[in-house]
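**Student:** Here is my input, please return the structure:
(one chain, ligands or ions: 1)
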Amino acid sequence: MTQILAPGKRATIPILTADDVASSAAAALAEARRRFDLIASLPIESLEATEVLERWDDASIVLEDAFGPIALLNSVHPDAAVRDAADRALIDESVFATELFQNEKLFERVRRLSPASGAQKQLRKDLIESFEDSGVALPAGKRQRFREISERLTALGQEFAKNIRENKTVLHFTPEECAGLPQAYLDRVPKDREGNIVVGFDYPDYVPFMMNSASEAARRRYYIANTNRGTPRNIEILDEIVALRKEIAQLYEVPSFAHYVTKRRMVENPETVARFLDEVKNAVTDAELRDLDPLQRIAEKPKIERWDMMYYRERLRERRYAVDQEALRKYFPTVGALHWVLDITERLYGIRFEEASVPTWHPDVLYLDVKDAGTGDLIGGIYLDLYPRADKYKHAAAAPVRGVSRRAARKPISALLTNFNREGLTHDEVETLLHEFGHVLHGVLSQTEYNQHSGTSVERDFVEAPSQMYEEWANRMESLALLREHCAGCPALDASLVSRIRAAKKFGTGIDYGRQHLYAAFDMALSSAEPGECLEVWKSMEAATPMGHIEGTSFPGTFEHIASGYAAGYYGYMWAKVIALDLVTAFGKDLMDPVTGRRFRDEILSRGSEEPARDLVERFLGRPVSSEAFFQEIRGE
Ligand SMILES: [Zn+2]
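**Tutor:** Residues are numbered from 1 along each chain as shown. As a prediction, this is how the structure comes out:
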């Protein structure tokens, strides 16, 4: 059952049918149960840490072999039967995991281990925390209730995601309402019999429309519909999720769900989050007003509304910086931009990508072997699923399908999921591509001893640091200059255009961080001691911002992050951004410096969660983290 591979052999994702999903999940759970039962029956007086943790790693690998692919196919498989079977299998897996970490015999055995290495010490600590967080030490009644809550939270999170992913709403806009839209957009999107365009909520439909449609009424209609993708059901779901999380805090007798969550994060407690968000708020209040002022003037109307935002920001970028996101697509043809990202990654990290033909879940999907450039050894593999389609996950993400385990010679696999325009990318989308590629690299370049420590298993408030760091490679000439080699026919991206793109990007950081602050503060409010009803809380918090709340909008129903693993963790984007911008400073004036790149690969990416993130970062920087670059960015300096 365990696929322990010989070094050099490629691992791939099995493309399962609905029946396969059910049978591979059942077989993996049975085999993992057998293996964990064996660990639970090891004689307690003669436990040997290396043996126990190796057995643990092998049993975890059995689970990951089945559920890594199942979790991915759940978001991307074109066949509804496969996605639904995956939903059921993932509930079974979550029930199994809770039971596993409530097993007192296993807990006792892990507690008694004397670790023989740093990685073992960390793994023992991580496992003990998983036992504690799953209620192993709670009285029987509370333990039972914790199991019920965990299972229900998994099902609710799935339903929330499905309501967004499988939303079939389309909007029709008349030719008058399309004034201002790029011709390439109008040529691409479908039309109804009356000649109106028919669009949904995929990014390639929504974003160019909101940036360019001159009709305020049309933008307003599209904006409001977009915030209602999940309503009414997702609002009910989120309220139930919040209530169940509050109950978890009560089971543990801690003041709030945020306390339960943050003790395992870099911040360690909600008070640190509150102090950090206050600091951001102080910086962002002026910055947001500073950014709104010129938009207000360009718009020539008494109050700029939320559906005007993208439109007037784009007009301002054009007028002030001569930067037009739609026109930038010529500079970043999608395939060329991808090849450029592969190229700079190869140079920076001493690796090589080789495209290979393997079975995939859709003909659009590409597969690449990742090899070490020096030795030629196979490191792992990545899948790229770049374009939108019906029922596919709607945002951009990287899926850690399979984690490394050096001791088991296990090759990692990550999948990149995006919803790009096939013709070309805007500069924002180039940043998105680099961001997700940063996560993919964290997954495939990790070289941890144990599977549990692989790549993106780091603290949730650190995980966005390598990805946000890589976004900077979209903004500097030394990396962008190499684009030329992947698009012979494209217009040249010269230093003047790059500096205008950067200036245009700086404009609006106050607005963007204002929004990020609101999301993070809202998330913390829902994880607090007295969370309240999510829509009411949202309305009052949004109403207190400079742009106010729009009646009839329902953003919380679309906020997948807090319905899932980012609860009491959305602040982590900004917390990790502080680290990300500080990490960039290590590259100095040359982002393409392979020596620093190699050091980043060895000291951060390859180490996964074998050590606390703070220790890894401080070793790489040679000093504690500084928030200076982050606050400079907010202030637009
Ligand atoms: Zn990310």
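
**Student:** Could you tell me the phi and psi values at the residue positioned nearest the centre of the chain?
**Tutor:** By C-alpha atoms, centre = their mean, the chain has its centre lying nearest to residue 397, at 4.9 Å. Dihedral angles of residue 397 (phi, psi; degrees, to the nearest 10) stand at phi -160, psi 170.

**Student:** what's the closest non-adjacent residue to it?
**Tutor:** residue 417 (4.9 Å; C-beta to C-beta, 6 or more residues apart in numbering). All C-beta spots, glycine's among them, are computed from the backbone N, C-alpha and C.

**Student:** Look up how far the ion lies from that neighbour.
**Tutor:** 11 Å (C-beta to the ion, to the nearest Å).

**Student:** Residue 303 now?
**Tutor:** 33 Å.

**Student:** Let me know the helix or strand that that residue is in.
**Tutor:** Here residue 303, judged by DSSP states H and E, is contained in no helix and no strand.

**Student:** That one - how many residues pack around it?
**Tutor:** A count of nearby residues for residue 303, using other C-beta atoms under 10 Å, gives 10.

**Student:** does the residue of the stretch 1-150 of the chain found nearest the ion count as helix, strand or coil?
**Tutor:** With C-beta to the ion, the shortest gap between the stretch 1-150 of the chain and the ion falls at residue 75, namely 14.9 Å. What DSSP: H, G, I helix; E, B strand; the rest coil gives for residue 75 is helix.

**Student:** ok, now which ones touch it?
**Tutor:** When contacts are counted by C-beta atoms under 8 Å, 6 or more residues apart in numbering, residue 75 is found next to 83, 161, 165, 392-393, 397, 399, 417.

**Student:** Would you map the strands across the stretch 201-350 of the chain?
**Tutor:** Here the stretch 201-350 of the chain has no strands by DSSP state E, counting those that start in this stretch.

**Student:** For it, which segments count as helices?
**Tutor:** With DSSP state H, counting those that start in this stretch as the criterion, the stretch 201-350 of the chain has helices at 203-212, 216-227, 233-252, 257-262, 270-299, 309-321, 325-328, 334-349.

**Student:** Please identify which of these is closest to residue 125.
**Tutor:** helix 257-262 (16.9 Å; C-beta to C-beta).

**Student:** Touching the closest one from outside, list them.
**Tutor:** 133, 245-246, 248-249, 252, 254, 268-270, 272-273, 524, 527-528, 567-569.

**Student:** Pull out the buried members of those.
**Tutor:** Buried by 16 or more other C-beta atoms under 10 Å: 133, 245-246, 248-249, 252, 254, 270, 272-273, 524, 527-528, 567-569, out of the contacts of helix 257-262.

**Student:** Spatially nearest residue to whatever residue of the stretch 501-637 of the chain ends up closest to the ion, not counting backbone neighbours?
**Tutor:** The ion sits closest to residue 573 of the stretch 501-637 of the chain, with a gap of 7.7 Å, by C-beta to the ion. Distances taken as C-beta to C-beta, 6+ apart place residue 464 nearest to residue 573, at 5.3 Å, with adjacent residues excluded.

**Student:** now the lowest-mean-pLDDT helix or strand in the chain, how far from the centre of its chain.
**Tutor:** One helix or strand of the chain scores below all others by mean pLDDT, DSSP states H and E: helix 325-328, with a mean of 88. Offset of helix 325-328 from its chain centre (C-alpha atoms, centre = their mean, to the nearest Å): 25 Å.

**Student:** Doesn't residue 416 lie inside a strand?
**Tutor:** Yes. Secondary structure of residue 416 (three-state DSSP): part of a strand.

**Student:** quick check: mean pLDDT across the strand or helix carrying residue 198?
**Tutor:** Element membership for residue 198 (DSSP H and E) is strand 197-199. Taken as a whole, strand 197-199 carries a mean pLDDT of 98.

**Student:** hmm, who's touching that strand?
**Tutor:** 170-173, 178, 186, 189-192, 205-206, 209, 222.

**Student:** Could you list the buried residues of that strand?
**Tutor:** 197, 199.

**Student:** same check, this time on stretch 184-195
**Tutor:** Result for stretch 184-195 [16+ other C-beta under 10 Å]: buried residues 185, 189.

**Student:** What is the burial count for the residue lying closest to residue 209 once chain neighbours are set aside?
**Tutor:** Counting by C-beta to C-beta, 6+ apart, residue 222 is the residue found nearest to residue 209 once chain neighbours are left out, at 6.1 Å. For residue 222, the neighbour count with other C-beta under 10 Å is 21.

**Student:** what's the answer for residue 275, then?
**Tutor:** 12.

**Student:** swap in the one 5 residues further on?
**Tutor:** Other residues near residue 280 number 25, with proximity taken as other C-beta under 10 Å.

**Student:** residue contacts, it?
**Tutor:** Contacts of residue 280 by C-beta under 8 Å, 6+ apart are 513, 516-517, 520, 574, 634.

**Student:** what about it, distance to residue 519?
**Tutor:** Distance from residue 280 to residue 519, counting by C-beta to C-beta, to the nearest Å: 11 Å.

**Student:** ok, and for stretch 553-567, which residues are buried?
**Tutor:** So, applying 16+ other C-beta under 10 Å, buried residues of stretch 553-567: 553-564, 566-567.

**Student:** start to end distance for it?
**Tutor:** End-to-end distance for stretch 553-567: 22 Å, by C-alpha to C-alpha, to the nearest Å.

**Student:** can you check stretch 399-419 too?
**Tutor:** 14 Å.

**Student:** How far does it sit from its chain's centre?
**Tutor:** The answer for stretch 399-419 is 15 Å, by C-alpha atoms, centre = their mean.

**Student:** same question, stretch 626-637
**Tutor:** 23 Å.

**Student:** What average pLDDT does it get?
**Tutor:** 90.

**Student:** got it, and stretch 545-565?
**Tutor:** 94.

**Student:** What count of nearby residues applies to residue 321?
**Tutor:** Neighbours around residue 321, by other C-beta under 10 Å: 18.

**Student:** what's near enough to touch it?
**Tutor:** 500-501, 503-504, 507.

**Student:** quick one: buried residues of stretch 168-182?
**Tutor:** Quick answer for stretch 168-182 (16+ other C-beta under 10 Å): 171, 173, 177-178, 180-182.

**Student:** which helices and strands does the helix or strand hosting residue 144 pack with?
**Tutor:** Using DSSP H and E, residue 144 falls within helix 140-165. On a contact count with 3 or more C-beta pairs under 8 Å, 6 or more residues apart in numbering; DSSP states H and E, helix 140-165 meets helix 80-100, helix 233-252, helix 560-563.

**Student:** what do you get if the cut-off is 10 Å, keeping everything else the same?
**Tutor:** If you count contacts as 3 or more C-beta pairs under 10 Å, 6 or more residues apart in numbering; DSSP states H and E, helix 140-165 packs onto helix 49-76, helix 80-100, helix 233-252, helix 560-563.

**Student:** Up against the ion, what does the protein have?
**Tutor:** 464, 467 (C-beta under 5 Å from the ion).

**Student:** Quantify the burial of the closest residue to the ion within the chain by counting its neighbouring residues.
**Tutor:** Closest contact between the chain and the ion, by C-beta to the ion, is at residue 467 (4.4 Å). Neighbour count for residue 467, taken as other C-beta under 10 Å: 23.

**Student:** I'd like the secondary structure assignment at it, please.
**Tutor:** helix.

**Student:** Once you drop chain neighbours, what's closest to it?
**Tutor:** In space, residue 467 is closest to residue 438, 3.4 Å off (C-beta to C-beta, 6+ apart).
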